[in-house]
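Chemist: Structure of the sequence below:
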Amino acid sequence: MVGNFFLITLFLIASSVAEVKYKEIHVFNGTDGGGPLGKLLLSTDNKLYGSTAGGGEHGCGTLFTIDGDRHTLIHHFNCSHGQAPFAELVEVAPGTFYGTTQNGGLFNKGTLFKFNATHPLEVLHDFNGKDGSVPTYLVKVSDNKLYGVTVTGGDHNAGTIYTIDLNGGVQSIYHFHPLFNGAYPMGLVAFETEVYVLSQLGPNTLGAIYEIDQNDTVTLLYEFNPNNPPTVGFPNGLTFVNTSTEPHLFGTGIYAYPPPNYSLQCCGLFSANSTVMHPPAKNSPPLIALLKTISLSASLGGFTYDGDVFLYGVSPSSYETAFEKGGIYRFKAEGKTERTLEPLFYFDSDPTIVGKYPKVPPTQQEPGVFYGVTYGTDNTVSPKPGDAGVVYKLIV
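Modeler: As a prediction, the model looks like this:
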């Protein structure tokens with residue numbers, strides 16, 4: 001029920017209890033967008049900006065804001081200037097935003113776009129396949145430079161890394177090759193001038209992490225190698241956390257290889273020190289948790305760090321039919337290799353909850369207050385909302 005708070009108390013194993021408040025503040029109906037895939041961006045004016053991958057007037061997606069629990073539609077994509085925005089937007093200056101679409105544009109390979117409150121959306125670059133296809137994540141590293149990745153395309157149709165000059169130039173700096181240097185980048189983060197890229201395949205391994213220096217030199221840091229367990233495979237999402245002890249990278253993997261037998265299982269979390277150099281170490285980022293310990297499975301989109309203690313993540317699915325709509329969990333950023341996962345909320349907790357299948361973590365607006373999106377909606381809830389997703393608010 002939109003607008004009401006649900007107080008959800010989860011009674012967990014070993015008598016642990018977590019209380020949260022959950023509120024659905026907008027249910028997408030298709031005409032105003034559907035299927036949000038990107039994490040919400042908290043802007044300098046304290047508004048949240050987001051996108052939907054589908055729906056809208058042309059079925060190509062939308063842009064929207066959340067301000068004071070109020071949803072406002074700000075743009076309908078028309079496919080010629082992009083289709084299916086995927087990743088979180090980037091604020092390059094107060095009130096000015098960059099983003100990407102996976103498809104559409106002049107060559108139907110995706111676009112890079114720019115918008116602000118006073119000017120309509122402007123396409124800055126149409127990807128043509130040779131310079132990449134399916135652009136997703138962007139990060140800003142200075143006042144005049146951004147980095148981006150494409151999942152496919154490039155010289156070997158395995159993805160690219162590119163730079164963006166805010167004067168308008170786009171330049172490919174790295175072309176992935178599945179046999180020699182990895183393929184299919186699915187994560188991109190930055191801390192000050194340090195940039196890290198996550199790929200779903202490494203050089204003959206199940207994923208890799210790379211570092212980009214200020215001269216745009218790309219260096220392989222880690223390979224996800226099942227022959228060097230415990231680790232994960234086919235990683236998705238990457239998060240940088242500058243903890244009090246040392247900087248770390250966190251993410252999730254579709255595969256996991258846990259002790260004692262290191263046999264293939266579903267869905268794990270990994271942690272990696274961001275300062276290791278490879279070669280010669282040939283390290284695999286260590287497995288730190290299995291999602292099945294809290295009855296959840298596949299996890300996407302990295303995490304949200306609260307700036308103090310916890311990382312927050314989501315899962316769009318579950319091992320158990322009781323939690324098949326997904327859930328939200330957290331774990332401590334600091335610690336030894338293993339982490340204990342704490343479930344906060346399951347979308348099956350109340351039969352009137354509309355949202356299901358969260359694919360990206362919620363964004364923290366202020367301490368203990370988070371806003372997020374779900375990709376789908378529960379059509380068994382009356383009245384039927386359509387399968388278009390929701391925006392929710394979570395108070396922890």
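Chemist: which sections of the stretch 201-350 of the chain are below the confidence cut-off?
Modeler: Where the stretch 201-350 of the chain drops to pLDDT under 70, the residues are 275-282, 300, 319-322.
Chemist: so Asn228 touches Pro286, yeah?
Modeler: No - applying C-beta atoms under 8 Å as the test, Asn228 and Pro286 come out as separate, 9.7 Å apart. Where C-beta positions appear, they are placed from N, C-alpha and C, glycine not excepted.
Chemist: contacts for the one helix or strand Cys267 maps to?
Modeler: For Cys267, the enclosing helix or strand under DSSP states H and E is strand 265-273. With C-beta atoms under 8 Å, 6 or more residues apart in numbering as the test, strand 265-273 has contacts from 209, 221-222, 224, 231-232, 235, 246-258, 283, 285-292, 296-299, 313, 315, 331, 337, 339, 341.
Chemist: redo that, cut-off 6 Å
Modeler: Under the contact criterion C-beta atoms under 6 Å, 6 or more residues apart in numbering, strand 265-273 has outside partners 222, 232, 248-253, 256, 285, 287-291, 297-298.
Chemist: Tell me which of the residues you listed fall in strands.
Modeler: Among the contacts of strand 265-273, DSSP state E puts 222, 232, 248-253, 256, 287-290 in strands.
Chemist: Pull out the buried members of the contacts of strand 265-273.
Modeler: 222, 232, 248-253, 256, 285, 287-291, 297-298 (16 or more other C-beta atoms under 10 Å).
Chemist: What count of nearby residues applies to Asp69?
Modeler: By the measure other C-beta atoms under 10 Å, the count of residues near Asp69 is 12.
Chemist: correct me, but it touches His26?
Modeler: No - taking contacts as C-beta atoms under 6 Å, Asp69 lies outside contact range of His26: 8.6 Å.
Chemist: wait, His79 sits on Leu106?
Modeler: Quick fix: residue 79 reads Cys, not His. No - Cys79 is beyond contact range of Leu106, at 10.9 Å (criterion: C-beta under 6 Å).
Chemist: buried sites along stretch 52-59?
Modeler: Residues of stretch 52-59 classed as buried: 52-56, 59 (neighbour count, 16+ other C-beta under 10 Å).
Chemist: tell me, what residue is most central in this protein?
Modeler: Nearest to the geometric centre of the chain sits Gly301, at 2.6 Å (C-alpha atoms, centre = their mean).
Chemist: Tell me the spacing between Thr205 and Tyr196.
Modeler: Look at Thr205 and Tyr196: by C-beta to C-beta, to the nearest Å, they are 17 Å apart.
Chemist: Which one of the two is surrounded by more residues?
Modeler: Of the pair Thr205 and Tyr196, Tyr196 is the one with more neighbours under other C-beta under 10 Å, namely 25 against 20.
Chemist: so what's that one bridging to?
Modeler: Val189, Glu211 (DSSP bridges).
Chemist: wait, isn't it in contact with Val189?
Modeler: Yes - Tyr196 is within contact range of Val189, at 5.2 Å (criterion: C-beta under 6 Å).
Chemist: Torsion angles phi and psi at the residue nearest to Thr337 when sequence neighbours are not counted?
Modeler: Excluding its sequence neighbours, the residue lying closest to Thr337 (C-beta to C-beta, 6 or more residues apart in numbering) is Pro286, at 5.4 Å. When quoted as degrees, to the nearest 10, the phi and psi of Pro286 stand at phi -70, psi 140.
Chemist: wait, doesn't Pro286 sit right on Arg339?
Modeler: No - between Pro286 and Arg339 no contact is recorded; they are 10.6 Å apart, counting by C-beta under 6 Å.
Chemist: hmm, back to that, pull the distance from the strand holding Cys267 to the chain's centre.
Modeler: 15 Å (C-alpha atoms, centre = their mean, to the nearest Å).
Chemist: in that strand, what counts as buried?
Modeler: Buried, per 16+ other C-beta under 10 Å, within strand 265-273: 265-272.
Chemist: How about stretch 119-130?
Modeler: 121, 123, 125-127, 129.
Chemist: next one: stretch 182-197
Modeler: Residues of stretch 182-197 classed as buried: 182-190, 194-197 (neighbour count, 16+ other C-beta under 10 Å).
Chemist: Columns distance to Glu324 and pLDDT on top of the residues you listed, output as CSV?
Modeler: Shown next, in CSV, are the buried residues of stretch 182-197 (distance: C-beta to C-beta, whole Å; pLDDT from 0 to 100):
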residue, distance to Glu324, pLDDT
Gly182, 33, 94
Ala183, 31, 96
Tyr184, 28, 96
Pro185, 30, 96
Met186, 24, 93
Gly187, 26, 94
Leu188, 30, 96
Val189, 30, 95
Ala190, 35, 92
Glu194, 39, 86
Val195, 37, 94
Tyr196, 33, 95
Val197, 33, 96
